[in-house]
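Trainee: Prediction below, plus the sequence it came from.
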Amino acid sequence: MRQRKPSPQTISVLQALLSRPTDWRYGYDLAKEIGLQSGTLYPVLMRLAEQALLESEWRVPDRPGTPARHAYRLTRAGLDFARASVEAASKAPVGRRAAPA
């Protein structure tokens, strides 16, 4: 089965994760950093996690009374995928970039 090229939104998420590839990142912080709405961001994160490109875990809150949050980071395969995808997207002609998924 042929895999589709990552959408521009997915590329944005991968670029943000590549900036600190070993750090656990919260979805809310990623959304603020790259400007994606939660309805776009979280499906991307879930898809990447389902493909074993991201690890995800519930993180205990720092302050009592605040809810636990999901955190994400690239797996080894995710790091390779992110690097290759971001590089390919940067080389694609502007009119031929992947359409949003």
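Mentor: Yep, it's here. Residues are numbered from 1 along each chain as shown.

Trainee: From here on, just use CA atoms for contacts and neighbour counts.
Mentor: Fine.

Trainee: Show me what the longest helix anywhere in the chain is in contact with.
Mentor: Looking across the chain with DSSP state H, the single longest helix is helix 76-91. Applying Cα atoms under 8 Å, 6 or more residues apart in numbering, the contact partners of helix 76-91 are 5-6, 11, 14-15, 18, 21, 52-54, 97.

Trainee: Stretch 37-50 too?
Mentor: Stretch 37-50 has contacts (Cα under 8 Å, 6+ apart) with 9-10, 13, 27-28, 31, 54-56, 72.

Trainee: now do 7 Å
Mentor: For stretch 37-50, the external contacting residues (Cα atoms under 7 Å, 6 or more residues apart in numbering) are 10, 31, 54-56.

Trainee: ok, and the most crowded of those?
Mentor: Thr10 (23 neighbours; other Cα atoms under 10 Å).

Trainee: Which secondary structure state does the closest residue in space to that residue that isn't next to it in sequence sit in?
Mentor: Nearest residue to Thr10, sequence neighbours excluded (Cα to Cα, 6 or more residues apart in numbering): Val44, at 6.2 Å. Recorded secondary structure, Val44: helix (DSSP: H, G, I helix; E, B strand; the rest coil).

Trainee: what's the neighbour count on Val44?
Mentor: Quick note: Val44 (other Cα under 10 Å) scores 20 neighbours.

Trainee: Please determine how far it is located from Leu54.
Mentor: According to Cα to Cα, to the nearest Å, Val44 and Leu54 sit 11 Å apart.

Trainee: And Pro8, by the same measure?
Mentor: Counting by Cα to Cα, the gap from Pro8 to Leu54 is 18 Å.

Trainee: what does Arg69 give?
Mentor: 15 Å.

Trainee: need the strands for the chain, in chain order.
Mentor: Ranges of strands in the chain, per DSSP state E, are 25-26, 54-59, 69-74.

Trainee: so of these, which one's packed in deepest?
Mentor: strand 69-74 (a mean of 20; mean count of other Cα atoms under 10 Å).

Trainee: In this structure, where is pLDDT below threshold?
Mentor: Along the chain, the parts satisfying pLDDT under 70 run over 1-3, 94-101.

Trainee: Kind regards, and thank you for your time.
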